[in-house]
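In: I'll drop the sequence and a predicted model, then ask my questions.
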Amino acid sequence: MNWTNNARQVTTCRVCGEQDWQPVVSFGDLPLAGSFLEPAQSYENEPRYPLGVVCCRSCRLMSLTHVVDPAILYRTYPYSKSDSEMMKKHMQHVVEVCQERFAVQPGSFVLEIGSNTGSQLKAFQKASMRTLGIDPAVNIVEVARQRGVETLPDFFSVETAATVAAEYGTPRLILGRHVFAHIDDVTSVLEGVRRLLGPESVFAIEVPYVVDMLEHNEFDTIYHEHLSYFGVGTLVTLFERHGLRVIDAERLPVHGGSILLFAGLRDGAWPTSPVVDELIEQERKFGLDDDATYERFAESIERIRGELVALVRGLRGEGKRIVGYGAPAKGNTLLNACGLGIDEIEFCSDTTEFKQGKVLPGTHIPVCSPQYAATREFDYYLLLAWNYGEEILGKEKAFLGKGGRFILPHPTPSIVPCEP
Ligand code: TYD
Ligand code: ZN
């Protein structure tokens, strides 16, 4: 791979091989969303990489314009220790769907790619399944192992697939939750998956759903880790090229709207659900095949940037104090793309110990614990972790009770509860 300054420009579509790109949006050079910094006097030479998206006119993959070397992005990785209630429920749902729809039985071998700290595999273990994780971040693999989830510290590829086949056998289920959109060399991963699957095996992936991102203007889902923004139609094209058949798909509310998609070998045992064609038809009606849809998305981003900055600066002008809720990766795109920083947002409150005491990339806003936030006086939370919005609003009753409000960035910047 030819890296210039640890990044390379995307030329050929990773799904269909064409080079007919529609430019959509560019945010300029931004720091990596996961590269939190130690507090310092100055932050010279903070690495920045181009962040922008284009759309393939042939297969309608939305892709980043530039790929950062994964060795830089993933060798260590911030992780959340405690999973939210919503995510716990969701992970249980994934187990149940695999059991009920694809008859994955106790004793079955479940392999997870990008298994993180092993929470999803723990849920499979509770259902008496044999599990193995693969994750490239060495710090995370250590945590997973301590929790009793066997995990290989590696990227998944044809080579790792061969090791798994030789040492562990054929998985009944291969799972990749919020990892597939991070993969540049999808060919190597899908080749590895195809070789590992048996006729009854299922490959399940969960990715942010491009329709939700476009419909709700969730432009901060765009950051250097998310290389691809998929619809079902594009995934069907991709999987077919690698000898796989999409057999089912389900829309889910997690992470602002995701799709859980199931595939098997082309001639495998599972029939194709009519849901697959129904979703593709809905995507066509939504306009995923039309340049105008992406032009409207770019216009909405411009509008939201302007409106959010005006709202926040207006409140600051009235002397109101604003704090960020959460320090998620997506928050860094939002803040950096809008040019909001320490003058507007005093600090961000986040439950992740790894992030506390550090500063956000680019904006250098300090990250503090919720316990610290509870001791401070302020008027508004800017909801950066909006994917947990319902759960957060439900548990911040004390803040709301004393008149505190939340600023929601999209689909259009707004304040909840509404101003009287
Ligand atoms: P996450 O959903 O993992 O988003 P991303 O992939 O964009 O990083 O991040 C959510 C962040 O919000 C995570 O750092 C934990 C934090 N958080 C809180 O601080 N309080 C909460 O109540 C919840 C639900 C999350
Ligand atoms: Zn393409």
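Out: Great, that's in hand. Numbering: from 1, shown residues only. Ligands and ions are numbered 1, 2, ... in the order given.
In: Now do the contacts for the residue of the stretch 151-300 of the chain found nearest ligand 1.
Out: Closest to ligand 1 within the stretch 151-300 of the chain is residue 255: 6.5 Å, counting by Cβ to the nearest ligand atom. Yep, even glycine has a C-beta here, placed from its N, CA and C like the rest. Contacts for residue 255 (Cβ atoms under 8 Å, 6 or more residues apart in numbering) come out as 178, 208, 221, 387.
In: ok, the second one - contacts?
Out: Contact partners of residue 208, counting by Cβ under 8 Å, 6+ apart, are 178, 181, 218, 221, 226, 229-230, 255-258.
In: Quick one, grab the pLDDT at the residue of the stretch 151-300 of the chain closest to ligand 1.
Out: Predicted confidence (pLDDT) for residue 255: 91.
In: ok, it to residue 132 distance?
Out: Counting by Cβ to Cβ, to the nearest Å, the gap from residue 255 to residue 132 is 24 Å.
In: in the stretch 151-300 of the chain, which spans are helices?
Out: Per DSSP state H, counting those that start in this stretch, the stretch 151-300 of the chain carries helices over the ranges 158-168, 186-196, 210-215, 232-241, 274-286, 291-317.
In: Starting from residue 55, give me the distance back to the nearest residue to residue 57 once chain neighbours are set aside.
Out: Among residues not flanking residue 57 along the chain, residue 20 sits closest, at 4.4 Å (Cβ to Cβ, 6 or more residues apart in numbering). Applying Cβ to Cβ, the value for residue 20 to residue 55 is 10 Å.
In: Compare these two and say which is more crowded by neighbours.
Out: For residue 20 and residue 55, the more surrounded residue by other Cβ atoms under 10 Å is residue 55, and the numbers stand at 23 against 12.
In: Residue 25 is in contact with the more buried one, correct?
Out: No. Counting by Cβ atoms under 8 Å, residue 55 stays clear of residue 25, with 10.0 Å between them.
In: After the element among helices and strands of the chain having the smallest mean pLDDT, which helix or strand is next? Please name it.
Out: Using mean pLDDT, DSSP states H and E, helix 70-74 stands out as the lowest-scoring helix or strand of the chain, at a mean of 86. Sequence-wise, the next helix or strand downstream of helix 70-74 (DSSP states H and E) is helix 85-102.
In: Any chance of the helices of the stretch 151-300 of the chain in a markdown table with mean neighbour count as columns?
Out: Formatted as a markdown table, the helices of the stretch 151-300 of the chain follow (neighbours: other Cβ atoms under 10 Å):
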| stretch | mean neighbour count |
| --- | --- |
| helix 158-168 | 15 |
| helix 186-196 | 20 |
| helix 210-215 | 21 |
| helix 232-241 | 21 |
| helix 274-286 | 15 |
| helix 291-317 | 16 |
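In: Those helices into TSV, with extra columns for mean pLDDT and distance to ligand 1?
Out: Formatted as TSV, these follow (pLDDT from 0 to 100; distance: least, Cβ to the nearest ligand atom, whole Å):
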stretch	mean pLDDT	distance to ligand 1
helix 158-168	96	24
helix 186-196	96	20
helix 210-215	98	13
helix 232-241	98	20
helix 274-286	98	24
helix 291-317	98	17
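In: Mind putting these into CSV with distance to residue 149?
Out: Listed next are these as CSV, based on distance: least, Cβ to Cβ, whole Å:
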stretch, distance to residue 149
helix 158-168, 14
helix 186-196, 19
helix 210-215, 30
helix 232-241, 27
helix 274-286, 31
helix 291-317, 38
